[in-house]
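**Q** dropping a prediction and its sequence here:
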Amino acid sequence: MKIILQHLSVVRDTLSREAKKYIYSLAVLCFFISTAGAQENKTTISLLARADKDSIVLRWSPSTPGAWMELNRTGYVIERTTLSSDGNFDRKSYIKLVSRPLAPLKKEEWSARIKNLTKANLASPWEAAAEQALYGQPEHKATLSDLKDLRDQSNELDNRFIFALLAADNDPVAADGLAWRFVDHDIRSGSSYIYRIFSPGSGNEYLDTAYIVVDAKAYERSAPPSSINVEIGDGRLRLHWYENPLASYSGYYIDRSEDDGKTFKRLNKVPHITLQPKENHGREESEYIDTTVIDYRLYIYRLQGITPFGELSEPTEVSAMARDFTPPPSPQLPEAKIIGSQSVRLRWQMKNAPHDFAGFRISRSLNPTEGYSLLSSAGNDANEFVDTTAEKETLYYYVISSLDTAGNEAQSLPVSALIVDSLPPAIPIGLSGTIDTNGVVRLHWQASRDTKILGYRVLWSNDAKHEFAQRTPIIWKDTEYFDTINIRTLTPTIYYCVASVNLRHIHSDLSKILTLKRPDVIPPTQSVFTNVNVTDSSVILHWVRSRSEDLANQLLMRRKKQEGDPSSGWAVINSLGREDELYVDRKVEQLTTYEYRLITVDSSGLRSQPSAIVQCRPYDPGIRPEVKDLAVRFDTVTKSVLLKWSYSPIRKEDYWFIVYRSTEGRALAQYRAVKSDTPEFNDTEITSLPPYKYAVRVTTSSGAESKLSNTVTVNK
């Protein structure tokens, strides 16, 4: 039983003491224990205590039925000594707390006590249980039917001893009557005491003596039981919890509320005790199963532990509700029938449907034992479903589930169905490809959306009008294919197509034909210049273009004539189309010799050798810009004429200005030459009669001239 404590439980009661006092007291207790253990153990006593500020309650019991019988005869001696603040005590200072050994009540004393308690309406069945444990069938009968599950018919003394322990743990009056309880009121709050209890008939004060150290302090109610958990069932709730390591309980009371905690009703008349097997050395777990609940009704349970002093611990609460876990009967699904080319029909039967039956679920999987996904739900009066999403050549498994309003489900046995595919698969689309200069062909196409595709066949031909031959000896699984072809051939193109193959080896029609051009490794022929015309500001080129079929464009190149490397200095001045045979170059300089050549480029980027070079030189027409802004002014003081003008040359060259003059109505004639860096002239030779007329012309070292400027006139 839980109240049979070992001597080492004293250690727990001393943990709140100062370190020095605790260590010294523990040494004293270990001495007592080792002394008692060194002798023959016949009537071991287990002792514990509960302190309050004005009293200390002692509770003890023998550890065996035989010891109980012996101690009932000899009684119990209770002694006490005070533990000093430094942890010392005098072994000879024990005082007796009872004048004579404390013994159980006599039978007639029990009867008188029960009568008095009954009159005061304070009687408890535990007093009768204690009396029956001591003396057999009591004079005042007590209802102990709630304890019959603890009886061991093989040993009456063991049963009586168990009844006595239960009675003492649950009722202080019963513990007093059994001589297993004593209250010491002669204490001082804050003091520490050592108590010992032993049998006076042992002949040795240390033999079978129980010791305990107690601090006189305010009473603290026992901690609640450890967290309670609930296991939900159908019409039942299983409450289970673990022993609280900080408290020791002899049993538990379970109360239940059905009105959200306003009132509670006790479910067990006697403490609930879970007997643990001897081999269970782990943390003890207790349980209580309530089978009087109604599904989906909320209950609040309150659990309180009972200490060996007959006191209740702090409560702990938990709420829960039972629910329906009983599934409805399983539907009967005989078979699945194929309808047309892509539908499966299911028909089932449902017998003895319960009152809370809600309907059906139709599920499908590719595996008969797992992986089912919901296809549809149906009402409770349905018995047929047609699956229109089934794919051909796929083996499906179907189950029908029945459901009730609580969500419970029961499945039928699975049935299978397979739609045989007799139609060809879809034609492949998106065929594309390339050929590199090494003759490696890379083909790619879109994967078929048909899930029953086994693979593809690749076919080819050198002529789109000829019959295509298989290029793949086996069914090709991928959507990418590499091939190698001969590119040194007169046949410029090659053709490919693809067919898909399903699981039944049925081939689709051929895809659209893909035309691929073999890489061009022969450069195009050259273009040939036929004529070159020049002007003073342009070069006009004529040629006959290359007749290569794959001609893409023509590169016209130019350079100024130079000595040295004939391949250097060339620059592309324009990229011309394949049909062009004329080009006018206007970005030229006069008297500069230019060289031109053509390079043709085909569609593969191959270039021809350069054409024959032609030369040309834009000529100088000998005309220069006119003089601008010619102005004249007559100086009356010096009797001279000042001419000024402006001029912008078009090229770097040597030039000068020629001034023309006319007098007395004669024609203009050359008069003076002026250097190019002096755009003015001062005529001081004014002798004849006016008027005087002037004009200016530009003359270069190469003989080129400008037009005569405008004429200006001077009148005196």
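**A** That came in fine, so what should we check first?

**Q** quick one: low-confidence parts of the protein?
**A** Along the chain, the parts satisfying pLDDT under 70 run over 1-43, 137-154, 202-207, 275-283, 490, 563-564, 689, 716.

**Q** now the helices for it?
**A** All helices of the chain, identified by DSSP state H, fall at 10-13, 19-37, 65-74, 107-119, 125-135, 156-170, 172-177.

**Q** so which bits of the last one are buried?
**A** Same thing as helix 172-177. Neighbour-count burial for helix 172-177, counted by 16 or more other CB atoms under 10 Å, picks out 172, 173, 174, 175, 176, 177. Heads up, the C-betas are built off the backbone N, CA and C, glycines and all.

**Q** quick one: contacts of it?
**A** Contact with helix 172-177 is made by 59, 104-105, 109-110, 113, 117, 124, 126-127, 129-131, 167-169, 181, 309-310, as judged by CB atoms under 8 Å, 6 or more residues apart in numbering.

**Q** ok so, going back, ok, which of the helices of the chain comes nearest residue 715?
**A** Among those, helix 19-37 comes nearest to residue 715, with 139.9 Å by CB to CB.

**Q** and the residue nearest the centre of the protein?
**A** residue 371 (23.1 Å; CA atoms, centre = their mean).

**Q** what sits against the nearest residue to residue 525 once chain neighbours are set aside?
**A** Spatial nearest neighbour of residue 525, chain neighbours left out: residue 546 (4.6 Å); criterion: CB to CB, 6 or more residues apart in numbering. Counting by CB under 8 Å, 6+ apart, residue 546 touches 524, 525, 526, 527, 554, 600, 608.

**Q** my guess is the fourth one contacts residue 544, does it?
**A** The one in question is residue 527. Yes. Assessed by CB atoms under 8 Å, residue 527 is found in contact with residue 544 at 6.5 Å.

**Q** which of the two has more neighbours?
**A** residue 527 (27 against 12; other CB atoms under 10 Å).

**Q** what residues are up against that one?
**A** Contact partners of residue 527, counting by CB under 8 Å, 6+ apart, are 543, 544, 545, 546, 554, 598, 600, 608, 611.

**Q** repeat for residue 265
**A** With contact set as CB under 8 Å, 6+ apart, residue 265 has these partners: 255, 256, 257, 258.

**Q** Serialize those to TSV and add fields for distance to residue 392 and neighbour count.
**A** Formatted as TSV, the contacts of residue 265 follow (distance: CB to CB, whole Å; neighbours: other CB atoms under 10 Å):
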residue	distance to residue 392	neighbour count
255	66	17
256	61	18
257	62	17
258	60	15
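
**Q** TSV for those, including distance to residue 295?
**A** Below are those laid out as TSV (distance: CB to CB, whole Å):
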residue	distance to residue 295
255	21
256	15
257	17
258	13
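
**Q** which of those fall within strands?
**A** Under the assignment DSSP state E, these contribute 255, 256, 257 to strands.

**Q** between those, which is nearest residue 210?
**A** Nearest to residue 210 among the ones in strands among the contacts of residue 265: residue 255, at 34.6 Å, using CB to CB.

**Q** beta-bridge partners for the closest one, please?
**A** Residue 255 forms beta bridges with residue 266, residue 302, as assigned by DSSP bridges.

**Q** wait, it touches residue 263, no?
**A** No. Using CB under 8 Å, residue 255 makes no contact with residue 263, being 9.5 Å away.

**Q** any chance you could map the strands in the stretch 501-650 of the chain?
**A** 514-517, 528-534, 539-544, 551-560, 571-577, 582-585, 594-602, 614-616, 623-624, 628-635, 640-646 (DSSP state E, counting those that start in this stretch).

**Q** compare those and give me the one nearest residue 55.
**A** Closest approach to residue 55 among these (CB to CB): strand 514-517, 105.9 Å.

**Q** partners of that closest one in the sheet?
**A** Counting by DSSP bridges, the strands paired with strand 514-517 are strand 493-502 (antiparallel).

**Q** and the partner strand, how far from the chain's centre?
**A** In terms of CA atoms, centre = their mean, to the nearest Å, the centre of strand 493-502 is found 43 Å from the chain centre.

**Q** buried residues in it, which are they?
**A** Of the residues in strand 493-502, 494, 495, 496, 497, 498, 499, 500, 501, 502 count as buried by neighbour count, 16+ other CB under 10 Å.

**Q** repeat that for stretch 586-604.
**A** Of the residues in stretch 586-604, those buried by neighbour count under the rule 16+ other CB under 10 Å are 588, 594, 595, 596, 597, 598, 599, 600, 601, 602, 604.

**Q** I'd like to know which of the contacts of helix 172-177 are buried.
**A** Here, 16+ other CB under 10 Å leaves 59, 104-105, 110, 113, 124, 126-127, 129-131, 167-169, 181, 309-310 buried among the contacts of helix 172-177.

**Q** rewinding a little: deepest-packed of the strands of the stretch 501-650 of the chain, please.
**A** With neighbours taken as mean count of other CB atoms under 10 Å, those reach their highest mean count in strand 594-602, at a mean of 21.

**Q** can you name every helix or strand that that strand contacts?
**A** In terms of contacts (3 or more CB pairs under 8 Å, 6 or more residues apart in numbering; DSSP states H and E), strand 594-602 is packed against strand 528-534, strand 539-544, strand 551-560, strand 614-616.

**Q** out of those strands, which is closest to residue 428?
**A** The closest of the helices and strands packed on strand 594-602 to residue 428 is strand 551-560. By CB to CB, the value is 32.4 Å.

**Q** elements contacting that closest one?
**A** Using 3+ CB pairs under 8 Å, 6+ apart as the contact test, the elements touching strand 551-560 are strand 571-577, strand 594-602.

**Q** may I have stretch 488-497 exported as CSV, CA atoms only?
**A** What follows is stretch 488-497, C-alpha atoms only, in CSV (Å, rounded to 0.1, in the frame of the first residue of the first chain):
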residue,chain,number,x,y,z
ARG,A,488,29.2,16.4,-97.8
THR,A,489,26.5,15.6,-100.2
LEU,A,490,24.7,17.3,-103.1
THR,A,491,21.4,16.9,-101.3
PRO,A,492,20.9,20.1,-99.4
THR,A,493,18.1,19.1,-97.0
ILE,A,494,17.0,16.2,-94.9
TYR,A,495,13.5,15.4,-93.5
TYR,A,496,12.3,14.0,-90.2
CYS,A,497,9.0,13.1,-88.5
